[in-house]
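**Student:** this one's sequence-less:
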């Protein structure tokens, strides 16, 4: 698979996300840079707005955090800053460590490996899918093959093709892309991996598996039934309301209507069962026991 996306920051200014939506399949958002815990002004000023707009327009998104770390501890601090900014949010794409500074490369391969592992380790411990963003040449020169293979790679190379021979899941192929809804240039990317499925199935990036609730029973009184048995059921449900077991008001008749369905489902939910809108023998026995 190959899908097109973009990565953006406050440098793109005010984005018309309704227009962007039809032109890209994903977005990677800059959340901030450096130690934004000590220096809060280093949180990207457009991150919150851009994140909300992606969610409102159903555009899958991820995050990158630009690093200035000059030590392992500084890289961990950057990860903590990133985690603080993204807390409570959901992402369909990885959380990337953006390694670009010449001062970091000058410290050598072992140092670069160490700060990548420090940042990404903190991100993973917090339950997120961590990745590394770098330009191809520095990646080949300053990152060991073990670290390159350990994390998903997003590689920048402005060329007709990405000349990195190793596995990589994303390629930033230009910084001068044009997208309707964005004034000026924007970074454009290709992705070759179904990250949304991978991340959601692994319960990462804020996604948790929905607990499958048991079904109490498959047959019984249901919406549309009109019997004396329904009337008796409703009288019990009215008592349950008086006992504060639910808050649905019912008409006193023998019709299983919208209100009865709502009350039955409210009780099923309270008891930890799937809301099937069915009140059978087991439901009636549980209700009778609850209102004694």
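**Tutor:** Perfect, I can see it now. Being a predicted model, the structure only gives us computed values, none of them experimental.
**Student:** for the lengthiest helix in the chain, give the mean pLDDT please.
**Tutor:** Determined from DSSP state H, the single longest helix within the chain is helix 109-125. Across helix 109-125, the average pLDDT comes to 98.
**Student:** who are the packing partners of it?
**Tutor:** helix 72-86, strand 95-98, helix 102-105, strand 130-135, helix 136-142, helix 145-150 (3 or more Cβ pairs under 8 Å, 6 or more residues apart in numbering; DSSP states H and E). In short, each C-beta sits where N, CA and C put it, glycine included.
**Student:** can you do 7 Å?
**Tutor:** helix 72-86, strand 95-98, helix 102-105, strand 130-135, helix 145-150 (3 or more Cβ pairs under 7 Å, 6 or more residues apart in numbering; DSSP states H and E).
**Student:** can you list these in TSV and add mean neighbour count, distance to residue 284 and mean pLDDT?
**Tutor:** Listed next are those as TSV, based on neighbours: other Cβ atoms under 10 Å; distance: least, Cβ to Cβ, whole Å; pLDDT from 0 to 100:
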stretch	mean neighbour count	distance to residue 284	mean pLDDT
helix 72-86	20	48	98
strand 95-98	27	50	98
helix 102-105	14	69	98
strand 130-135	23	52	98
helix 145-150	14	57	98
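**Student:** so which of the ones you listed is nearest residue 281?
**Tutor:** Residue 281 sits nearest to helix 72-86 of all those, at 48.8 Å, using Cβ to Cβ.
**Student:** any chance you could list what contacts that closest one?
**Tutor:** For helix 72-86, the surrounding residues in contact (Cβ atoms under 7 Å, 6 or more residues apart in numbering) are 31-32, 34-37, 43, 47, 63, 65, 67, 69, 95, 114-115, 118-119, 122-123, 126.
**Student:** same check on stretch 247-255?
**Tutor:** With Cβ under 7 Å, 6+ apart, stretch 247-255 has contacts from 226-228, 230-231, 234, 237-238, 241, 259-260, 262-263, 266.
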